[in-house]
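Trainee: What shape does this take:
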Amino acid sequence: MGYHVTILRTRGTQSLPIAGDEIERAAAALPGWRYDRAERTLHADGGLQLWSANGTLWTKNPDDAALERMIALADALGARVRGDEGETYRAPDDPYFHPDDEDDRRAAVATSDRWQRRERRRWIMRGIVVALLAILAGRRLVLAYW
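Mentor: Modelled structure (predicted):
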């Protein structure tokens, strides 16, 4: 599994799909890009490949140079670049949380909090079981000694 980075367009909580003809025009206007309509893939010089799916473009594990190219393409499409963790990129070293993603971010934080509470309870229960076993083992040693 890799780190997915997506070019998407939103307005509030509404997704605004990026159409194939828009991608084709943007690729033609930017140097080093070409769009394969049949495969629904976008290729950039240097080996970067983006896949078109559900009105977005995405790739896995882009390096900083690829992120820069994606940001330029997103600007041409009136879109933005978002990482797997919900961060939007102004530049490869300048992520922020876009206001349109606030509901998703809150849901992710709530899920993480629930998971952490559940894990904490599991560790507490494990600790109790180990302590009880240690107490019982200690009592057996004392009884066996007498």
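
Trainee: State which helix of this protein is the longest.
Mentor: Secondary structure assigned by DSSP state H gives helix 102-145 as the longest helix of the chain.

Trainee: average pLDDT for that one?
Mentor: Per-region confidence: helix 102-145 scores 79 on mean pLDDT.

Trainee: So which residue is dead centre in the chain?
Mentor: Taking CA atoms, centre = their mean, the centroid of the chain lies closest to D84, which sits 0.7 Å from it.

Trainee: Could you measure from it over to D104?
Mentor: Counting by CB to CB, to the nearest Å, the gap from D84 to D104 is 12 Å. Any C-beta I mention is one placed from the backbone N, CA and C, and that applies to glycine too.

Trainee: next one: E22
Mentor: For E22 relative to D104 (CB to CB), the value is 24 Å.

Trainee: Of the two, which one has the most company?
Mentor: Counted by other CB atoms under 10 Å, E22 and D104 do not tie: E22 has more neighbours, with 17 against 14.

Trainee: Wasn't G86 part of a helix?
Mentor: No. Under DSSP: H, G, I helix; E, B strand; the rest coil, G86 falls outside any helix and is assigned coil.
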